[in-house]
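# what follows is a protein structure lacking sequence information:
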């Protein structure tokens, strides 16, 4: 059998409950829903890092962001790290990348200019993570465009301006690649949209014109309804962004069918992280900045993940907890590359096929910028810790953590009541802290100290 083409179509800051295949009632995602009915839906997929740059660094390398010093935004991908694109190139794939990169510039803070600035300039070849061919990219797409109009740069470092709704135009560039694709090699194409991420310089979501009226009948998810934030104002445009992503996914699928490529193409739909709509940015123990995402809660960590194509068929729905940290290893496995333990995670095909049923059903995440934090999510509990007095922007890890959150998900699925100081959960916390320390040690090579609260008064006891 020929090697499949691989198309990674991913959004920025998208909650899974925006999509029909995850329960959304409005007509937001008919194209993805059809893809889901053919392929595999991972019902419980979680990011390993709810910040744009670090998650993208993980997607490119299959390594935890702390290992490669990409634990926050404004840290470039190291030149000496072998990437997914490098491996794909060696395996005979034609690599192409379109959209947001977020792995070239360096900045020391959000308030000062970048020390090395490609945010509005073309990215040189050595900072493209091994992508040597088709390239229509902005390092920080929200800095070179708005919801309508903007520019990216091509492989020759030439500016490519666009007019129209941004998601449409980014897809136009992907269509340009597919139109010129000659089939000599299988392709690995990444389409990295920024939608539905908020527009930084305007502080709002920018759906297509008319989104507020079109999606006025939205239902706010239960966690946002209970906690407030800015969803009541922002949700219709947020949904408008998501609808546009689906419309453009439909365009890509039709082009693949037109060129006879669809049956041999694996399509992966995912997102870097979710969105809590300013419901968690006033939590205790913030040691840095947050707006919509830098949190351990499902609103920030839970993401859509649908895979359809060769090896991923049958309309399956996988309930196992999985981490999108497994995507790089899975991409390479699709291309016939056995990476072994050189990348973290697991081959998600094994999960979809039920071959890893007896593994520990939990996921691990590193939190940065808002705090230096770590968490695990199991079927029954969410447990997280933070590093007191540690600046989440300046420090990627710590040898000392204190408890931050504990939720009993069977009783409290929307994570509204923090039980971290409840003495009834003392033994459960001991077990969760052991599991979390195991994950930290596996990911970072050290086993730090965690202190936990013994009762509602908040006394600390060391484990």
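Alright, I've got the coordinates. Bear in mind that the values here come from a model prediction, so they are computed numbers and not experimental data.
# next, name the residue at the spatial heart of this protein.
Per Cα atoms, centre = their mean, the C-alpha nearest to the average position across the chain is that of residue 272, at 1.3 Å.
# pLDDT score for that one?
pLDDT recorded at residue 272 is 98.
# okay, now residue 416: neighbour count?
Counted with other Cβ atoms under 10 Å, residues neighbouring residue 416 total 11. For every residue, glycine as well, the C-beta is placed using N, CA and C.
# quick one: the nearest residue to the residue nearest to the centre of the chain once chain neighbours are set aside and residue 220, what's the gap?
In space, and not counting its chain neighbours, residue 272 is closest to residue 55: 4.1 Å by Cβ to Cβ, 6 or more residues apart in numbering. The gap separating residue 55 from residue 220 is 25 Å, by Cβ to Cβ, to the nearest Å.
# more crowded one of the two?
In terms of neighbours (other Cβ under 10 Å), residue 55 is the more surrounded of residue 55 and residue 220; the figures are 26 against 13.
# show me the contacts for residue 362.
Contact analysis of residue 362 by Cβ atoms under 8 Å, 6 or more residues apart in numbering lists 321, 376, 377, 378, 379, 435, 439.
# same thing but 7 Å
Residues counted as contacts of residue 362 (Cβ atoms under 7 Å, 6 or more residues apart in numbering) are 321, 376, 377, 378, 435.
# rewinding a little: next structured bit after the host helix or strand of the residue nearest to residue 272?
Taking DSSP states H and E as the criterion, residue 55 maps to helix 52-61. Next helix or strand after helix 52-61 toward the C-terminus (DSSP H and E): helix 84-90.
# now do the host helix or strand of residue 438, average pLDDT.
In this structure, residue 438 is located in helix 426-444 according to DSSP H and E. Taken as a whole, helix 426-444 carries a mean pLDDT of 97.
# any buried residues in it, and which?
By 16 or more other Cβ atoms under 10 Å, the buried positions in helix 426-444 come out as 428, 429, 432, 433, 435, 436, 437, 439, 440, 443, 444.
# helices and strands around whichever helix or strand comes after that helix, which ones?
Using DSSP H and E, the helix or strand that directly follows helix 426-444 along the chain is strand 449-453. For strand 449-453, the elements it packs on are strand 400-408, helix 426-444, strand 460-462, judged by 3 or more Cβ pairs under 7 Å, 6 or more residues apart in numbering; DSSP states H and E.
# show me where the stretch 1-150 of the chain has its helices.
For the stretch 1-150 of the chain, applying DSSP state H, counting those that start in this stretch gives helices covering 30-38, 52-61, 84-90, 141-144.
# most tightly packed of those helices?
helix 52-61 (a mean of 26; mean count of other Cβ atoms under 10 Å).
# surely residue 240 meets residue 208?
Yes. The criterion here is Cβ atoms under 7 Å, and residue 240 meets it with residue 208 at 5.3 Å.
# more neighbours, the two?
residue 240 (27 against 20).
# quick one: secondary structure of that one?
For residue 240, the secondary structure call by DSSP: H, G, I helix; E, B strand; the rest coil comes out as helix.
# now for it: which residues touch it?
207, 208, 211, 214, 215.
# among these, which are located in helices?
The helices, defined by DSSP state H, take in 211, 214 from the contacts of residue 240.
# which pLDDT value belongs to residue 78?
The model's pLDDT for residue 78 equals 96.
# then residue 457?
Looking at residue 457, its pLDDT is 44.
# now swap in residue 175 and tell me
98.
# checking it next. Helix, strand or coil?
Assignment for residue 175 (three-state DSSP): helix.
# roughly how far does it sit from residue 397?
Taking Cβ to Cβ, one finds residue 175 at 42 Å from residue 397.
# neighbour-wise, which of the two wins?
Taking other Cβ under 10 Å, residue 175 and residue 397 do not tie; residue 397 has more neighbours (20 against 17).
# assign that one to helix, strand or coil.
At residue 397 the chain is in coil, as set by three-state DSSP.
# run a quick neighbour tally on the closest residue to it other than its chain neighbours.
Once flanking residues are discounted, residue 397 sits nearest to residue 66: 5.3 Å by Cβ to Cβ, 6+ apart. By the criterion of other Cβ under 10 Å, residue 66 has 20 neighbours.
# quick one, what contacts residue 66?
366, 396, 397, 444.
# who touches residue 49 in this structure?
Neighbour list for residue 49: 55, 58, 65, 365, 366 [criterion: Cβ under 7 Å, 6+ apart].
# excluding sequence neighbours, find me the nearest residue to the third one.
By the measure of Cβ to Cβ, 6+ apart, the closest residue to residue 65 outside its immediate chain neighbours is residue 54, 3.7 Å from it.
# one more: the last one?
The shortest distance from residue 366 to any residue that is not its chain neighbour, by Cβ to Cβ, 6+ apart, is 5.4 Å, and that residue is residue 49.
# quickly note the distance from the one you found to residue 122.
Per Cβ to Cβ, residue 49 is found 27 Å from residue 122.
# what of residue 234?
Residue 234 sits 32 Å away from residue 122, taking Cβ to Cβ as the criterion.
# now stretch 371-391: mean pLDDT?
97.
# got the buried residues of helix 426-444 as TSV, with distance to residue 73 columns?
Output for the buried residues of helix 426-444, formatted as TSV (distance: Cβ to Cβ, whole Å):
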residue	distance to residue 73
428	34
429	31
432	29
433	29
435	29
436	25
437	27
439	23
440	22
443	20
444	20
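# closest to residue 116 out of those?
residue 444 (26.4 Å; Cβ to Cβ).
# isn't that closest one right next to residue 399, touching?
No. Contact criterion Cβ under 7 Å: residue 444 and residue 399 do not qualify, at 10.1 Å.
# tell me the contacts of the residue lying closest to residue 13 once chain neighbours are set aside?
Among residues not flanking residue 13 along the chain, residue 197 sits closest, at 4.3 Å (Cβ to Cβ, 6+ apart). Contacts for residue 197 were tallied using Cβ under 7 Å, 6+ apart; they are 12, 13, 142.
# mind doing that once more with 8 Å?
Per Cβ under 8 Å, 6+ apart, neighbours of residue 197: 12, 13, 52, 142, 205.
# go through the helices of the stretch 1-150 of the chain and name the closest to residue 297.
Closest to residue 297 of the helices of the stretch 1-150 of the chain, according to Cβ to Cβ: helix 52-61, at 16.1 Å.
# now for the closest one, which elements pack on it?
helix 84-90, helix 327-334 (3 or more Cβ pairs under 8 Å, 6 or more residues apart in numbering; DSSP states H and E).
# mind putting the ones you listed into TSV with mean pLDDT and distance to residue 313?
Putting these into TSV (pLDDT from 0 to 100; distance: least, Cβ to Cβ, whole Å) gives the following:
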stretch	mean pLDDT	distance to residue 313
helix 84-90	98	22
helix 327-334	98	13
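# what would these look like in JSON lines with distance to residue 288?
Listed next are these as JSON lines, based on distance: least, Cβ to Cβ, whole Å:
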{"stretch": "helix 84-90", "distance to residue 288": "29"}
{"stretch": "helix 327-334", "distance to residue 288": "27"}
